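Trainee: 3D, please:
(chains A and B)
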Amino acid sequence: MDIRKVKKLIELLEESGIAEIEITEGDDSVRISRYPTSGYAAAPQPVAVQTPAIAASVDAPAAQAAAPVAAPVAAPESGTPRGHAITAPMVGTMYTSPSPTADVFVNVGDSVAVGDIVCIIEAMKMMNQIEADVAGTVLAIEAQNGDPVEFGQTLIVVG
Amino acid sequence: MIAQQHLLQMLGDGEVHSGSELAATLGVSRAAVWKQLNALRALGLKVNGEAGQGYRLDQPYEALDKATIQGALTASAGGVLHSLRTLWECDSTNNVLLDALYSEPLSPGIASVCLAELQTGGRGRRGRHWVSPPGSGVWCSVSWTWDAPPSDLSALSLAAGAHVLRALQKRGCQGLQLKWPNDLLANGRKIGGILIDVHGDLAGPISVVVGLGLNLIVSEATRNQVKADGGQPPIGLYELGFTESRNLVAADLVSALVDLLRNYADTGFSRDKSFWCAHDFLRNKPVVVSGSSALSGVAMGVNELGYLRVVAENGEQLVGAGDVSLRLNPQEPAR
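Mentor: Next comes the predicted model:
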């Protein structure tokens, strides 16, 4: 994992109220904690850095009661949205492109505008288009194409 | 492309046509006709005959006719119709309507419809390729917008299956069932499928594009292609002894989907749930659900939100995502 990204994550953690963050990207995984890990029964859990624009899921399944709770983070005072997590509004399957042969919606490093489609979450043969709720640069894509995702799970980080 | 479409229309009468006759009518060389005939074969159509003997299409072909379809819609569906397009070819009818939504949002309360002879990029779940040679089925999509999303939007997927099945039953088609969430089965074999694109904000306004693919005839080539992709061998409506005109079937299906969308904000899935459960292919059968955590159990119908109820060792689980397949050997331990 790029050291600059790790540095960004540390900054993100410092600005936020959260104690620990874990990011998995392919085979790479990094966990950053404010406190010694020995003090935690650290079951790795996806942490949503910000509540999504469309968190008011109309079809959140019963199973979501056990889903990780989105931890809201105050935006930095500069006003520039930074390190926003776009999270899954429902349980489903992640798709990074509109069809298997098509180009991906976004790559890391791409800039996105509010309303741009960044991925699709499929549930019950409904392809729910997930839009960027902030403008910025894609810092990370946290779920792979075809991955099952849980409610509230971070899909894409935009900063 | 136009020559191909024209050629197929000429062969659609089921009679033998000589190469020179086809060439003269189309205003092209016989070599060009031969090339186009092979292109039709490559699309999965069975064209019998050789140069010198004449050619014959070995299956009925009725070209999509916009006026016939539009004229046969129910009054309620016709009354909210914004536009209806019939295309020769597109990547998928859902994408055509999605692109239209991107360029100009569809006002709430009206329906846009798109049908195509040939889909080059038909989509299925998990990236499965949905194969659709020209004339061998009905491939149609309907788009609709709500100011605020219906409360049980997730179950729209199941309600669409129920409405399509009911429309086919009204035409006298028997032996149809639904496999969660909305595969249409005839005698246990897949006859159609539905895929819904959801565009917009869950706080509203929100648009959906409901896409339906229904087989009329499944060619040997298509059957083999689906098998090779790991899918179950499909079947077509005409292979069940059904003889209704393709355009009238299309009008029935479009009407069923438009009427569903027109009423869904008021009725939701509740009115269709018992009908859905009465045609549930998986009911009381052992199933395996793939997804974030594999689950084995017995399928026990669906709840009001369209989630599949699976009774597993540790009690009932509600499934709202993932792939469900029949567990062929019930003794097999859960994976």
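
Trainee: would you map out the domains in the chain?
Mentor: Just going to use chain A. A:3-64, A:70-158 (automatic domain parsing).

Trainee: try again with chain B
Mentor: B:2-57, B:66-277, B:282-328.

Trainee: list just the one of the ones you listed that sits closest to A:Val134.
Mentor: domain B:66-277 (14.1 Å; C-beta to C-beta). Backbone N, C-alpha and C define where each C-beta goes, glycine included.

Trainee: what's the span of that closest one, first residue to last?
Mentor: Distance between the two ends of domain B:66-277: 35 Å, counting by C-alpha to C-alpha, to the nearest Å.

Trainee: ok, that domain near chain A or not?
Mentor: Yes. Counting by C-beta under 8 Å from any C-beta of the partner chain, chain A has neighbours in domain B:66-277: B:91-92, B:95, B:121, B:123, B:125-127, B:129, B:149-158, B:180-182, B:193-203.

Trainee: show the average pLDDT along that domain.
Mentor: Averaged over domain B:66-277, pLDDT sits at 90.

Trainee: picking up where we left off before, which of the domains of chain A has the lowest average pLDDT?
Mentor: Among the domains of chain A, domain A:3-64 scores lowest, at a mean of 49.

Trainee: direction included, what does whichever strand or helix holds B:Val324 pair against?
Mentor: Using DSSP states H and E, B:Val324 sits within strand B:323-326. Here strand B:323-326 is paired, per DSSP bridges, with strand B:286-290 (antiparallel).

Trainee: does the next helix or strand after the strand it pairs with reach chain A?
Mentor: Once strand B:286-290 ends, the next helix or strand along the chain (criterion: DSSP H and E) is strand B:295-302. No. Contact between strand B:295-302 and chain A is absent, the nearest approach being 9.8 Å (criterion: C-beta under 8 Å from any C-beta).

Trainee: what's strand B:295-302 packed up against?
Mentor: Counting by 3 or more C-beta pairs under 8 Å, 6 or more residues apart in numbering or on different chains; DSSP states H and E, the packing neighbours recorded for strand B:295-302 are helix B:270-278, strand B:286-290, strand B:308-312, strand B:315-319.

Trainee: export these as JSON lines, with columns for mean neighbour count.
Mentor: Below are the helices and strands packed on strand B:295-302 laid out as JSON lines (neighbours: other C-beta atoms under 10 Å in any protein chain shown):
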{"stretch": "helix B:270-278", "mean neighbour count": "16"}
{"stretch": "strand B:286-290", "mean neighbour count": "19"}
{"stretch": "strand B:308-312", "mean neighbour count": "19"}
{"stretch": "strand B:315-319", "mean neighbour count": "16"}
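
Trainee: can I get these in TSV including distance to A:Ile141?
Mentor: Output for the helices and strands packed on strand B:295-302, formatted as TSV (distance: least, C-beta to C-beta, whole Å):
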stretch	distance to A:Ile141
helix B:270-278	36
strand B:286-290	22
strand B:308-312	29
strand B:315-319	26
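
Trainee: in the stretch 151-300 of chain B, which residue sits nearest chain A?
Mentor: For the stretch 151-300 of chain B and chain A, the shortest gap (C-beta to the nearest C-beta) falls at B:Ser154, measuring 3.2 Å.

Trainee: isn't there a helix covering that residue?
Mentor: Yes. Assessed with DSSP: H, G, I helix; E, B strand; the rest coil, B:Ser154 lies in a helix.

Trainee: isn't it right up against A:Lys125?
Mentor: No. Counting by C-beta atoms under 8 Å, B:Ser154 does not reach A:Lys125; the two are 10.6 Å apart.

Trainee: who's more crowded, these two?
Mentor: Per other C-beta atoms under 10 Å in any protein chain shown, whichever of B:Ser154 and A:Lys125 has more neighbours is B:Ser154, with 27 against 21.

Trainee: mind listing what the more buried one touches?
Mentor: A:Val58, A:Asp59, A:Met90, A:Ala123, A:Met124, A:Met126, B:Leu305, B:Gly306, B:Tyr307, B:Gly320 (C-beta atoms under 8 Å, 6 or more residues apart in numbering or on different chains).

Trainee: in the strand holding B:Val324, which residues are buried?
Mentor: B:Val324 (16 or more other C-beta atoms under 10 Å in any protein chain shown).

Trainee: kindly reformat the domains of chain B as JSON lines containing distance to A:Val134.
Mentor: Below are the domains of chain B laid out as JSON lines (distance: least, C-beta to C-beta, whole Å):
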{"stretch": "domain B:2-57", "distance to A:Val134": "45"}
{"stretch": "domain B:66-277", "distance to A:Val134": "14"}
{"stretch": "domain B:282-328", "distance to A:Val134": "26"}
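
Trainee: any idea which of those domains is most buried?
Mentor: Per-stretch averages of neighbours, counted by mean count of other C-beta atoms under 10 Å in any protein chain shown, single out domain B:66-277 among the domains of chain B, with a mean of 20.

Trainee: setting aside sequence neighbours, what's the nearest residue to the most centrally placed residue in chain B?
Mentor: What sits nearest the mean C-alpha location of chain B, by C-alpha atoms, centre = their mean, is B:Gly213, with 1.3 Å. Excluding its sequence neighbours, the residue lying closest to B:Gly213 (C-beta to C-beta, 6 or more residues apart in numbering or on different chains) is B:Trp139, at 5.2 Å.
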